[in-house]
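Visitor: fold the following.
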Amino acid sequence: MNLFDSSAIINLCGERKIDRLLEGWTLNLAFYELGNAVWRQVHIRKGMAIDEANMILDPLVEIFRRMNKPKKEDALKTLEIAIKEGLTYYDAAYINAAVENSLTLVTDDEQLYKISKKYVKTAKSDELYQVF
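Guide: The predicted structure is shown next:
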């Protein structure tokens, strides 16, 4: 099973490859990260209008709601990983949740991808659909 961070959720939704997401896991904080990514497109990058943002955010939130989430998270272990690796607490939370729940972490964040390999099996979203 896979634990998806918000970068992977956004990319897979953009490519309309949601089947893996719906059977996968994410963290509750992904809800806010997804909203922030859409906000950034509107407010910072001026890349879309608010009506477009609403059309993008609504399906992202629906997919998020249908995904599995861990029932509890170890705040101290997450902090330990964040400090040791120089990561944000948010990114360390994904690593820790993947470790604690024996899940593969799926991320398209390059720094998180590289560091998480030290702790847990890690993949990029496009690797989930490669044919070998």
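Visitor: for this structure, which segments count as helices?
Guide: 6-14, 19-22, 30-43, 50-66, 75-85, 89-100, 110-116 (DSSP state H).
Visitor: and S125, which of those helices is closest to it?
Guide: S125 lies closest to helix 6-14 among the helices of the chain, at 4.2 Å (Cβ to Cβ). No exception for glycine: its C-beta is placed from N, CA and C like everyone else's.
Visitor: export the helices of the chain to CSV and append columns for mean pLDDT, mean neighbour count and distance to E127.
Guide: Converted to CSV, the helices of the chain look like this (pLDDT from 0 to 100; neighbours: other Cβ atoms under 10 Å; distance: least, Cβ to Cβ, whole Å):
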stretch, mean pLDDT, mean neighbour count, distance to E127
helix 6-14, 95, 21, 10
helix 19-22, 94, 15, 11
helix 30-43, 94, 16, 19
helix 50-66, 93, 14, 19
helix 75-85, 98, 15, 22
helix 89-100, 98, 23, 15
helix 110-116, 98, 18, 10
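Visitor: nearest to K124, of the ones you listed?
Guide: helix 110-116 (6.3 Å).
Visitor: quick one: list the elements packing against that closest one.
Guide: Using 3 or more Cβ pairs under 8 Å, 6 or more residues apart in numbering; DSSP states H and E, the elements in contact with helix 110-116 are helix 89-100.
Visitor: next, the angle helix 6-14 makes with the helix it packs on.
Guide: 80 degrees (axes from the mean of the first three to the mean of the last three Cα atoms, to 10 degrees).
Visitor: may I have helix 89-100 as PDB, with CA atoms only?
Guide: The C-alpha trace of helix 89-100 is given here as PDB (Å, rounded to 0.1, in the frame of the first residue of the first chain):
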ATOM      1  CA  TYR A  89       7.800  18.900  10.300                       C
ATOM      2  CA  TYR A  90       5.200  18.400   7.600                       C
ATOM      3  CA  ASP A  91       7.600  16.400   5.400                       C
ATOM      4  CA  ALA A  92       8.900  14.400   8.300                       C
ATOM      5  CA  ALA A  93       5.300  13.500   9.200                       C
ATOM      6  CA  TYR A  94       4.900  11.700   5.800                       C
ATOM      7  CA  ILE A  95       8.100   9.700   6.400                       C
ATOM      8  CA  ASN A  96       7.100   8.800   9.900                       C
ATOM      9  CA  ALA A  97       3.600   7.800   8.900                       C
ATOM     10  CA  ALA A  98       4.900   5.600   6.100                       C
ATOM     11  CA  VAL A  99       7.300   3.900   8.500                       C
ATOM     12  CA  GLU A 100       4.700   3.400  11.300                       C
END
